[in-house]
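J.: Structure for this input, please:
(4 chains)
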Number of protein chains: 4
Amino acid sequence: MGKMQKLKFGLIGGGEGAFIGAVHRLAAELDGEAELVAGCCGSTPERAHAAGIHLYGLTPERAYGSVTQMLAGERARATAERMQFVIVATPNHTHVIIAEAALKHGFPVVCDKPVATDLESARRLAAVVRATGLPLAVTYNYTGYPMVREARALIAGGVLGRVRRVQCEYMQGWLATPAEVDNKQANWRTDPAQAGGSGCFGDIGSHAENLVHFVTGMPIKSLCADLSTFVPGRRLDDDGNVLLRFEGGARGVICASQIAVGEENALSIRVYGERGGLEWRQQEPNSLILRLIDKPIQILRAGGGSLAPITIRSTRLPGGHPEGFLEAFANIYRGFMADVRGEGNFEYPRIEDGVRGMLFLDRVVASSRYGGQWLDMEAVS
Amino acid sequence: MGKMQKLKFGLIGGGEGAFIGAVHRLAAELDGEAELVAGCCGSTPERAHAAGIHLYGLTPERAYGSVTQMLAGERARATAERMQFVIVATPNHTHVIIAEAALKHGFPVVCDKPVATDLESARRLAAVVRATGLPLAVTYNYTGYPMVREARALIAGGVLGRVRRVQCEYMQGWLATPAEVDNKQANWRTDPAQAGGSGCFGDIGSHAENLVHFVTGMPIKSLCADLSTFVPGRRLDDDGNVLLRFEGGARGVICASQIAVGEENALSIRVYGERGGLEWRQQEPNSLILRLIDKPIQILRAGGGSLAPITIRSTRLPGGHPEGFLEAFANIYRGFMADVRGEGNFEYPRIEDGVRGMLFLDRVVASSRYGGQWLDMEAVS
Amino acid sequence: MGKMQKLKFGLIGGGEGAFIGAVHRLAAELDGEAELVAGCCGSTPERAHAAGIHLYGLTPERAYGSVTQMLAGERARATAERMQFVIVATPNHTHVIIAEAALKHGFPVVCDKPVATDLESARRLAAVVRATGLPLAVTYNYTGYPMVREARALIAGGVLGRVRRVQCEYMQGWLATPAEVDNKQANWRTDPAQAGGSGCFGDIGSHAENLVHFVTGMPIKSLCADLSTFVPGRRLDDDGNVLLRFEGGARGVICASQIAVGEENALSIRVYGERGGLEWRQQEPNSLILRLIDKPIQILRAGGGSLAPITIRSTRLPGGHPEGFLEAFANIYRGFMADVRGEGNFEYPRIEDGVRGMLFLDRVVASSRYGGQWLDMEAVS
Amino acid sequence: MGKMQKLKFGLIGGGEGAFIGAVHRLAAELDGEAELVAGCCGSTPERAHAAGIHLYGLTPERAYGSVTQMLAGERARATAERMQFVIVATPNHTHVIIAEAALKHGFPVVCDKPVATDLESARRLAAVVRATGLPLAVTYNYTGYPMVREARALIAGGVLGRVRRVQCEYMQGWLATPAEVDNKQANWRTDPAQAGGSGCFGDIGSHAENLVHFVTGMPIKSLCADLSTFVPGRRLDDDGNVLLRFEGGARGVICASQIAVGEENALSIRVYGERGGLEWRQQEPNSLILRLIDKPIQILRAGGGSLAPITIRSTRLPGGHPEGFLEAFANIYRGFMADVRGEGNFEYPRIEDGVRGMLFLDRVVASSRYGGQWLDMEAVS
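T.: As a prediction, the model looks like this:
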């Protein structure tokens, strides 16, 4: 902690009323290894400038009014002062264009998920990432939780045996009524032009897919989706269920809903293999339930003994001192920033996750549109 | 309790090593309103006779060696001595033939689920029930839990508003390995000739369907099923996931597995409507979680205040004195026995539930066999 | 089950509005091994006679109007017909006199706790038990739970190492307001003449003491009690906390309250030894939490694997099929009835538990009356 | 967030292997409103200097070798550069002398609890605080949790009615074996010369007392304590139970243990009043259980609706995004730093809490030493 010079970073998005911009900043700075130095934090020059100064405490000259100005302005600064990476926390439809521009200006990028609103542009972005060789993180932040990483390590280590069954759920209730009328975030998340072809699945179903992939490592072979829109007048799905068939024969289900009244942010995953099963719930993130055949149920705890090295490195406090959402988000930054610094041994979600996530959304939307057809996921190119 | 003459009953099935026969007897007798007087409790005359005497304490002349002898023998007894109903707790493929015979001898029947191994014979049994006018209960026993009945009452009373989303799970792990080798129950439950066209779904998926129907009252319009058999050599499904579309637009999922290692008997249901959601878990059956829009989460408790009359009538003890599986099972008997006695106001699952359950299994198996096609549920005739 | 002739029993107490009489009968009969044949179920001859017939379905000649008539009447019957034990479920102040009379008429007794309203009469009853040599059970029913028995077996087997710390709580809220006005049970439980010197502790604190003793086997050396009466006008304690020092150096706390608003029947025990700790909660009785040093938390489950023989014998159903209060209560009857039949290997609370419980109450009340003095528990004579 | 110039602060303590120093820094900086600029982070000049540079990234000239140098050095700096407050995170016996020196140099102080090792010096420190008029926070950090603040607001608002009963527990297991041999923190916490007259109670019992006071606002009138030392060779208590009598008639219990094997950091509080009860558990800090008479149990959630203003201001994220220990700790800093800046409306624990905490420890130790005598708490002077 604090052993080296802080990394300087910029923030694009996160204007007045945006929840996730502030989260990015808190997470990036949590360990005292980074500091915000520049931003373009609003959709008009005036709002962006004002928010940069008043919400984020930036100096006036680095509270930029446009992305173009920001990238050019930072590029022009002396190396010692210049921002060293940039966060893209804008509505989905602008991710690719901004991320591409940032990469082309030489800046590593942290980009919100989904990385794009269509598969093609996600792949185009991947090409730019490969071409520039710069780090790009996609903030599938739930993979930053220590016990999610423990789950992955247990499965990779063969503790469950061959995986047979996966269940992943992401239940929210905040869109059970037409919240888009007076909630800025609800507004763009339910607008096809800004959010892309999926609402609920683009927002939270994509986290579920990523979590399944991260924990099990198993590619999805085909899927069958049934999306719904329950709130009258809404233009995108607010609920859906997807059956999964994995390469190798395992089966699974992803359920996501934003009309599950009373649910806050109920992401969970359960995996069952030949010899054991495990269960993790985001709202009680410091526990991982492990069920091994013919053994008592075990509750593994963050900060406890006998955990994988990556799990241990992902906690800051002893057991029983709850760590939460921000700490997990900050773990994504830890991995990314280690890469930016050229250190080794880092864990964070990358453009390949972003592209695979877009492929998943593409197939989910198509499957549902065709009445719930089974569709193949092709290999990620 | 104990206010009237005990009803006399007979038991068919429940031989050595059978779990469910003993449960039926305990449940039927729990409230001191019935007593076992006759039985045919084994698959050969010798075993049946011995089990009747030694396992169930029957007198030798009423520890019958065959169903035919039992029905004729009881029919021939004086009214005051004769059994007044009969329990059919045999492997699935014998339910219809035994139940029909019992009804035709004038005996009301309690029959295990599924009532048959195919839809056609279930419908034939329904015709016999209608023709004889005798009570027949199908032991979808989970609908006997007080808080399941409360859930039904809340939804029927409009507390959740129009239902949008239903999730029902039934997870077990006891068939994660090839248990059929040396476990009698596992053996017949995985044998198509005895269990019917479905293993896991016939056994526990059928409970899930019944629970969904009981709680929501909503007919399933169509479904898409993906059944699996994970244990090598097994002849029937041991796992499956089913997407549901209900009449009226609600959507749902039923997940059932018998290879979910470490799960005991994890039946649960969650229902989300326009204004609220509820959640019930069989392994903590005395609580019902209610989430109303913009209100704190509420935990309703069996034995607590402000519950529906049917809920109150379904508990025996004050709150905090846990009631469990047997008590819920006994509640099914309470309703059935009230009907046998000609009293009013009774709640128990009937042949219509049995036929609808078989229709569900028929469609699930067919949908899965065709690769996961959406199939319509026709109206129950 | 049902292998032998049913034991015949009588019930004293359990009149109109009494909860515990019905529980005794359900529990005694649960396994089909006993049947109620006689009773004196009310405090006047008329009420007793009517309740025997209408509440319990007794024949008129065995629905006795007085205890004296009942004991004499049953004594006079032919052996084959006569009741074989008798349940005493009356207010506390009548336990000893009735139990003594029953024993002297040759009937084994099941007696509610506390066995007396003062230590001296409890000891007198113990002398009668010893003199007659007949079985007497005191219904400290919570020791009938399978996982309580598992806890005892684990500690006796040294799994926790030497015990250091014990916490036992029993929280209820039903007397948070002056319920005695219109609730029969609340009325006598708060009346010193009927309940004895303690209200809350006599009723539920005594269960806590017994649970501590049963699970740990450690004698209490001295205690310091602070009882309170919070509801204005109430004549006995409705809340209290007791510090414990055990022989051998362990320490503990018993907290009991009947004014803990919103608590139903929240009995729990936690024990910590040198190498491990365990925790059991009556409202989720099928789980036992085991914490061993440097190991993940384990949840042992009733019906699961690797349990003690006594635990296994105390369950009726496979894991995940919740058993509750009645089944635990019935386990006490199982042990007692095995003793009545002269079989071996039985577990049930006896007069020694009852006397020790009275000694505990005696010291608790005295300690509190003297302002919270530490008092020694002498050895049970 | 980030709206103003960051406050500059220094850290005393938190050398190699110290957990709490890093926590202070993370918490102070969490919201981006403060930054560490100076430190004296070790018990010898060499270690302090090295830790300041390598652990905390300080510049060599502000990685001081002694507290005296640090206070003088910072005092001598230009106002714009100078540290604006100082954190004292050293072993207990040095708190007062360091805090006094800091205050006398004009620096506001954040001091770990307990503020002293004896009551007299705590009172002397209080006099210095009053004389200088500078802010001093005592890090009773658990009062920073949003739902603890909600509990306080509910009780202050009369929702429970008059409080009758309080139970507070703090269970840990990390000292169940002689950890002091090779664990630096365990070492000083079990050394009377450094920790003061109490081990377990000084460390965690003091948090419990503060939590009880914060939530209920009720002064303790008298107490009866029974402390134990279970691990052979240990010089201070590692376990204890305390009975409480409050002004106004309420009763309570505080249990604290560091030998409760398998417990991590199990702090909890339950309060029962005339009309309701509430329950909070540190390891699931985002929920508060509320039980109102004759109503279903309610679970209030951080980030949910209908919470007190102070609760809302104490959360950073929407409901379902778990916040934990660091965020709660940071809330203490928020209040303290608002005071340092001269803003209004702040909540943080002050020297009065520290003195009352020392009085509590003084009485607990004395009561226990005299065999568990009831002792009065005099008014805090």
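J.: residues from the stretch 51-200 of chain A in reach of chain B?
T.: By the rule C-beta under 8 Å from any C-beta of the partner chain, the part of the stretch 51-200 of chain A lying against chain B is A:160, A:164-165, A:167, A:173, A:176-177. C-beta here means a position set from N, CA and C on the backbone, and glycine is covered the same way.
J.: Out of those, which is nearest to residue C:223?
T.: Nearest to residue C:223 among these: residue A:160, at 49.3 Å, using C-beta to C-beta.
J.: Out of the residues of the stretch 51-200 of chain A next to chain B, the closest to chain C would be?
T.: residue A:160 (15.3 Å; C-beta to the nearest C-beta).
J.: mind listing what that closest one touches?
T.: With contact taken as C-beta atoms under 8 Å, 6 or more residues apart in numbering or on different chains, residue A:160 is in contact with A:154, A:271-278, B:261.
J.: does it count as helix, strand or coil?
T.: Under the three-state scheme (DSSP: H, G, I helix; E, B strand; the rest coil), residue A:160 adopts coil.
J.: and it, how far is that from residue A:279?
T.: Applying C-beta to C-beta, to the nearest Å, the value for residue A:160 to residue A:279 is 12 Å.
J.: and the residue nearest in space to the middle of chain A, what does it touch?
T.: For chain A, residue A:140 is the residue whose C-alpha lies nearest the centre (C-alpha atoms, centre = their mean; 1.9 Å). Applying C-beta under 8 Å, 6+ apart to residue A:140 gives the contacts A:113, A:206-207, A:210-211, A:214, A:332, A:349, A:353, A:357.
J.: ok, is the worst-scoring helix or strand of chain A on mean pLDDT in contact with chain D or not?
T.: Least confident helix or strand, chain A: helix A:184-189 with a mean of 78, by mean pLDDT, DSSP states H and E. No. Using C-beta under 8 Å from any C-beta, helix A:184-189 stays clear of chain D, with a minimum separation of 10.0 Å.
J.: Just the CA coordinates for that helix, please, in CSV.
T.: In CSV, the C-alpha atoms belonging to helix A:184-189 read as follows (Å, rounded to 0.1, in the frame of the first residue of the first chain):
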residue,chain,number,x,y,z
LYS,A,184,-31.5,9.4,-15.2
GLN,A,185,-29.9,6.0,-15.0
ALA,A,186,-33.2,4.2,-15.5
ASN,A,187,-33.8,6.4,-18.5
TRP,A,188,-30.7,5.5,-20.5
ARG,A,189,-30.7,1.9,-19.4
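J.: And the pLDDT at the most far-flung residue of chain A relative to its centre?
T.: Here chain A reaches farthest from its C-alpha mean at residue A:294, the gap being 36.1 Å by C-alpha atoms, centre = their mean. Looking at residue A:294, its pLDDT stands at 90.
J.: burial count for the nearest residue to it once chain neighbours are set aside?
T.: Spatial nearest neighbour of residue A:294, chain neighbours left out: residue C:305 (5.3 Å); criterion: C-beta to C-beta, 6 or more residues apart in numbering or on different chains. Counted with other C-beta atoms under 10 Å in any protein chain shown, residues neighbouring residue C:305 total 12.
J.: Can you tell me how far residue C:305 is from residue C:160?
T.: From residue C:305 to residue C:160 the distance is 20 Å (C-beta to C-beta).
J.: what does residue A:112 give?
T.: Taken as C-beta to C-beta, the span from residue A:112 to residue C:160 is 50 Å.
J.: what do you get for residue A:148?
T.: 32 Å.
J.: Same question for residue A:77.
T.: For residue A:77 relative to residue C:160 (C-beta to C-beta), the value is 64 Å.
J.: can you give me the strands in chain A?
T.: For chain A, the strands defined by DSSP state E cover A:7-13, A:34-40, A:85-89, A:109-111, A:136-138, A:163-171, A:220-228, A:239-246, A:251-257, A:266-273, A:276-281, A:287-292, A:297-301, A:374-376.
J.: how about those strands in JSON lines, adding mean neighbour count and distance to chain D?
T.: Shown next, in JSON lines, are these (neighbours: other C-beta atoms under 10 Å in any protein chain shown; distance: least, C-beta to the nearest C-beta, whole Å):
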{"stretch": "strand A:7-13", "mean neighbour count": "25", "distance to chain D": "11"}
{"stretch": "strand A:34-40", "mean neighbour count": "25", "distance to chain D": "7"}
{"stretch": "strand A:85-89", "mean neighbour count": "26", "distance to chain D": "14"}
{"stretch": "strand A:109-111", "mean neighbour count": "27", "distance to chain D": "17"}
{"stretch": "strand A:136-138", "mean neighbour count": "28", "distance to chain D": "19"}
{"stretch": "strand A:163-171", "mean neighbour count": "25", "distance to chain D": "9"}
{"stretch": "strand A:220-228", "mean neighbour count": "23", "distance to chain D": "22"}
{"stretch": "strand A:239-246", "mean neighbour count": "26", "distance to chain D": "17"}
{"stretch": "strand A:251-257", "mean neighbour count": "27", "distance to chain D": "13"}
{"stretch": "strand A:266-273", "mean neighbour count": "24", "distance to chain D": "7"}
{"stretch": "strand A:276-281", "mean neighbour count": "23", "distance to chain D": "10"}
{"stretch": "strand A:287-292", "mean neighbour count": "22", "distance to chain D": "9"}
{"stretch": "strand A:297-301", "mean neighbour count": "20", "distance to chain D": "7"}
{"stretch": "strand A:374-376", "mean neighbour count": "15", "distance to chain D": "31"}
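J.: Quick check: the residue in the stretch 1-150 of chain A that chain C sits nearest to vs residue A:140, distance?
T.: Nearest residue of the stretch 1-150 of chain A to chain C (C-beta to the nearest C-beta) works out as residue A:150 at 10.9 Å. Between residue A:150 and residue A:140 the distance is 17 Å, computed by C-beta to C-beta.
J.: same question, residue A:79
T.: For residue A:79 relative to residue A:140 (C-beta to C-beta), the value is 31 Å.
J.: so how far is stretch A:85-99 from its chain's centroid?
T.: 13 Å (C-alpha atoms, centre = their mean, to the nearest Å).
J.: End to end on that stretch, go ahead and measure it.
T.: With C-alpha to C-alpha, to the nearest Å as the measure, stretch A:85-99 spans 11 Å from end to end.
J.: again, but for stretch A:76-84
T.: 13 Å.
J.: quick one: buried residues of it?
T.: A:82-84 (16 or more other C-beta atoms under 10 Å in any protein chain shown).
J.: what's the offset of that stretch from the middle of its chain?
T.: Chain-centre distance of stretch A:76-84: 28 Å, with C-alpha atoms, centre = their mean.
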